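Enquirer: Could you work out the structure for the sequence below:
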Amino acid sequence: MTFFNFFKRSVFLVAFCAFFTTTPAYAQTEAEKQRLNDFFQDLESFTKVFSNIKQLYVDEVTNKELFEDAIKGMVTGLDPHSNYLKPKEQKNLLESASGKFGGLGIVIGMKDDAIQVISPIDDTPAYRAGIQAGDLIVKIGDKPVRDMTLEDGVNLMRGEPGTDVQVTIVRKNKKPFVVDITREIITITSVKGYMLEKDIGYIRVSSFQNPTADLLKETLDKLVEKNDGYLKSLILDLRNNPGGVLEGAVDIANLFIDKKGLVVYTEGRIPSSNLEFKTEPGDIMLDSPIVVLINEGSASASEIVAGALQDHKRAVIMGSTSFGKGSVQTIVELDEGYGLKVTTARYYTPSGRSIQAKGIEPDIALKNISLENEKEDSVLGDTKESDLNGHLEVEDPSQLSDEEILTAQENKKSEEAEKAIEKLKKDYFVHEATNLLKALTVLGK
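Expert: From the prediction side, this is the model:
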């Protein structure tokens, strides 16, 4: 008996046993017989391809390599977010979840034959290089992205801090262009807050992690303290926020909802995928007006927060339609460090809207208009330490006292905040949100 005949018989036997663990032994109907027949025909096609590759391919390929590629193809064919993870890929995924890793600072997905930027992460090399949500990466270094898996792209873009990578970008209404980016250790600061003007607070959430809700509450408390103990209105900026930990999103939505009901629920094929996340009454803004800003880079957990606040009529959603990533992935640990990331459910807003491939429609749609010219934007985006008032001079730090160093650092933080606020005031979305909040405050809503 040849190896391939033995292999074919072995695979048929294993598959036959596996198939019948989910098929009743009394299957006698014509439909069930046809199902059996189709199953074995598909399995035979697989073994024929396997056999021909083993015999004819120009280089020798091990059985392990072929099986790994076959499994990866089977899983990635399901949807863009499911994947079969080799040990290194599993490690990268865990690093991303920890909020600290070496790379460019972008969240990506697959779109046709390109890697799509879902959003750049705030204050990262990709963000500073001008990478935008919706950009398509068609080449990494000299390697075309076509036929790459998402993990292949991640592995090429990650690397040692201080090393460079070149990406070729396709952007709507522009010719393809090349961007050189220097890798850094990416540490995500998920919450920042400023007082835009008296009574109007602004909080930016760039990603959702387990402590994000606590950070947001601390940030809001500081803004309230700066505003003499009360805040009349708030802008919650979720633009270009790619999501993150589900529990973080639920906790943040619960900070502002004071009604009984749901924040979000999930539905899948198996009972464990059907979950409800309920509201916990206690609005820390005491029913003061809130505007939530979203755009096409707001995904997953961002859409959960926006959808919940919209359905509970707790906030006005402004901006553009969000990304539409409304599916839930479960990580299954396999032997020898391998893993399976597979989509197991869909997210639904409290009113029953599916987020998947639809996104959250804003209550007030805004076009992406800039209130500042490109030169101003470039200057603000390229601010260096030496441009800040009170910065420490390179040649003198050893001669400064601890108190002088602390004062200089505080001056630097204050100057950075002022520049950030000035830039936000030139942001069209923030400008329109501020005007709306002023009107709502006057009307007492």
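Enquirer: Give me the helices and strands touching the helix or strand where Glu267 lies, please.
Expert: Per DSSP states H and E: Glu267 is located in strand 262-268. Judged by 3 or more C-beta pairs under 8 Å, 6 or more residues apart in numbering; DSSP states H and E, the packing partners of strand 262-268 are helix 246-256, strand 275-278, helix 301-311, strand 339-348. C-beta coordinates here come from the backbone N, C-alpha and C atoms, glycine included.
Enquirer: so what secondary structure elements neighbour the shortest one?
Expert: Counting by 3+ C-beta pairs under 8 Å, 6+ apart, the packing neighbours recorded for strand 275-278 are strand 262-268.
Enquirer: Neighbouring strands of the strand it packs on in the sheet, and parallel or not?
Expert: strand 275-278 (antiparallel), strand 339-348 (antiparallel) (DSSP bridges).
Enquirer: Among these, show me which one is buried the most.
Expert: Using mean count of other C-beta atoms under 10 Å, the stretch among those with the largest mean neighbour count is strand 339-348, at a mean of 19.
Enquirer: angle of that strand against helix 301-311?
Expert: Interaxial angle, strand 339-348 versus helix 301-311 (axes from the mean of the first three to the mean of the last three C-alpha atoms, to 10 degrees): 10 degrees.
Enquirer: tell me which element the closest residue to Ser233 other than its chain neighbours falls in.
Expert: Spatially, and ignoring its direct neighbours in sequence, Ser233 is nearest to Leu437 (4.0 Å; C-beta to C-beta, 6 or more residues apart in numbering). Leu437 is part of helix 428-443 when elements are defined by DSSP H and E.
Enquirer: quick one: buried residues of that helix?
Expert: 429-434, 436-438, 440 (16 or more other C-beta atoms under 10 Å).
Enquirer: Could you save the residues you listed as JSON lines and add columns showing distance to Gln41 and pLDDT?
Expert: Formatted as JSON lines, the buried residues of helix 428-443 follow (distance: C-beta to C-beta, whole Å; pLDDT from 0 to 100):
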{"residue": "Phe429", "distance to Gln41": "55", "pLDDT": "96"}
{"residue": "Val430", "distance to Gln41": "59", "pLDDT": "96"}
{"residue": "His431", "distance to Gln41": "62", "pLDDT": "95"}
{"residue": "Glu432", "distance to Gln41": "59", "pLDDT": "96"}
{"residue": "Ala433", "distance to Gln41": "59", "pLDDT": "97"}
{"residue": "Thr434", "distance to Gln41": "64", "pLDDT": "97"}
{"residue": "Leu436", "distance to Gln41": "61", "pLDDT": "96"}
{"residue": "Leu437", "distance to Gln41": "63", "pLDDT": "96"}
{"residue": "Lys438", "distance to Gln41": "68", "pLDDT": "94"}
{"residue": "Leu440", "distance to Gln41": "64", "pLDDT": "91"}
